[in-house]
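Trainee: I'll drop the sequence and a predicted model, then ask my questions.
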Number of protein chains: 2
Amino acid sequence: MNNKVDVDQLIASQLQTVGQRYTNNRRRLISILLRSSKPLSINQILDMDPELAQSSAYRNLTVLEEAGSIARIVTSADHARYELAEEILEHHHHIICSPCGEILDFRLSDNIEEALESSLQEIADQLGFTLDTHRLDLIGTCTLCKDNS
Amino acid sequence: MNNKVDVDQLIASQLQTVGQRYTNNRRRLISILLRSSKPLSINQILDMDPELAQSSAYRNLTVLEEAGSIARIVTSADHARYELAEEILEHHHHIICSPCGEILDFRLSDNIEEALESSLQEIADQLGFTLDTHRLDLIGTCTLCKDNS
DNA sequence: TGCAATAATGAGAACCGTTCTCATTCTTAA
DNA sequence: TTAAGAATGAGAACGGTTCTCATTATTGCA
């Protein structure tokens, strides 16, 4: 799923399913997210492609999120961040630097992830919830911010 | 730590540490959170005590958060939610209904929690992060929202 | 107790990330 | 080629939260 052609095809079909086109602007957003190894804020996205209009970027990020192609990550930082959906990036978690808002991805070992997931499913069943997904975030301070304090 | 007197003493000292007073308005906020079994939005808090002014409530929730007495939970729902800090409630996680934004607390079994934590510490070390805490959220749909759809 | 000095309060204004509006441009399908 | 519908982008509007500032309450000190 790290082949650009496959990703494009998947996103095209995801968009089609919700009655949306895979337009040039949406391709540019996907291309930026594909090139990044971490979730990006709207400003980081606009900096990487100054031709993008802010309002269109927001609208298209919302469309892509509704199509299930990207995920919006909301933290207490001022801006939301966006990354490709787990269907593309594979299931993973986030480590968040609270001083600067920077987010990195990480994965748990398979056995921990599996033990966790079956435990979570059990809990959701008990509470009568239908589970869509889970998210696990580490909150701390990155090396850079530690040095600057 | 579910004894109201102990909680009050802890919070008084937490506030004192950051140079803040345990005023009447702050006591009222804590009292509301103590009476709730789940995180509350600002509107739920104001509904439970209509004497509270919105601007003061926001300010005092921020003060209490800075003192480490309460935690603010930010999700993609429109309002943030607040609950007593883990020092008071004990470590726990959240199950979030994405249609309605409602949040319930839950706890993992000790052995899963411990395995998870040591795994997370290892990851943070590898990435050069100093870890403050972690959060684990289940995202899904509660019984009520399921029935109404 | 009385009296500054300082902190907290609350009504409303301001802020700012995000969403909406609408006139224009682009795509699509026949 | 053209008409209908979708996407675009500049700027206005929205709304949750934070800030301002005049007023009120509290504290420390004589």
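Mentor: Structure's in. What do you need?
Trainee: all helices for chain A, in order.
Mentor: A:4-17, A:24-35, A:42-48, A:54-66, A:86-89, A:110-127, A:143-147 (DSSP state H).
Trainee: how about these in JSON lines, adding mean neighbour count, distance to chain B and mean pLDDT?
Mentor: C-beta here means a position set from N, CA and C on the backbone, and glycine is covered the same way. Output for the helices of chain A, formatted as JSON lines (neighbours: other CB atoms under 10 Å in any protein chain shown; distance: least, CB to the nearest CB, whole Å; pLDDT from 0 to 100):
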{"stretch": "helix A:4-17", "mean neighbour count": "15", "distance to chain B": "19", "mean pLDDT": "92"}
{"stretch": "helix A:24-35", "mean neighbour count": "18", "distance to chain B": "18", "mean pLDDT": "98"}
{"stretch": "helix A:42-48", "mean neighbour count": "15", "distance to chain B": "15", "mean pLDDT": "98"}
{"stretch": "helix A:54-66", "mean neighbour count": "16", "distance to chain B": "10", "mean pLDDT": "98"}
{"stretch": "helix A:86-89", "mean neighbour count": "17", "distance to chain B": "12", "mean pLDDT": "95"}
{"stretch": "helix A:110-127", "mean neighbour count": "14", "distance to chain B": "5", "mean pLDDT": "97"}
{"stretch": "helix A:143-147", "mean neighbour count": "13", "distance to chain B": "4", "mean pLDDT": "91"}
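Trainee: Can you lay out these as CSV showing distance to B:Gln14?
Mentor: Shown next, in CSV, are those (distance: least, CB to CB, whole Å):
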stretch, distance to B:Gln14
helix A:4-17, 47
helix A:24-35, 41
helix A:42-48, 35
helix A:54-66, 38
helix A:86-89, 38
helix A:110-127, 30
helix A:143-147, 24
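Trainee: how about the residues of chain A near DNA strand D?
Mentor: A:20-21, A:23-26, A:51-56, A:59-60 (CB under 7 Å from any atom of the strand).
Trainee: ok so, going back, out of the helices of chain A, nearest to B:Ala77?
Mentor: With CB to CB as the measure, helix A:54-66 is the member of the helices of chain A nearest B:Ala77 (15.1 Å).
Trainee: which other helices and strands contact that closest one?
Mentor: helix A:4-17, helix A:24-35, helix A:42-48, strand A:70-73 (3 or more CB pairs under 8 Å, 6 or more residues apart in numbering or on different chains; DSSP states H and E).
Trainee: repeat that with 6 Å
Mentor: helix A:24-35 (3 or more CB pairs under 6 Å, 6 or more residues apart in numbering or on different chains; DSSP states H and E).
Trainee: which other residues reach the helix it packs on?
Mentor: A:Ile11, A:Ile45, A:Met48, A:Asp49, A:Ser56, A:Asn60, A:Glu83, A:Leu84 (CB atoms under 6 Å, 6 or more residues apart in numbering or on different chains).
Trainee: can you check stretch A:85-103 too?
Mentor: A:1, A:7, A:38-39, A:68-71, A:75, A:77, A:81, A:104-107, A:136-139, A:141-142, A:145, B:127, B:129.
Trainee: Quick check: residues of chain A near DNA strand C?
Mentor: Applying CB under 7 Å from any atom of the strand, we find that chain A lies next to DNA strand C at A:Arg21, A:Asn24, A:Ser41, A:Ile42, A:Gln54, A:Ser55, A:Tyr58, A:Arg59, A:Thr62, A:Asp78, A:His79, A:Ala80.
Trainee: How about the fourth one: what's its closest non-neighbour residue?
Mentor: Looking back up the chat, that one is A:Ile42. The shortest distance from A:Ile42 to any non-neighbouring residue, by CB to CB, 6 or more residues apart in numbering or on different chains, is to A:His79 (5.8 Å).
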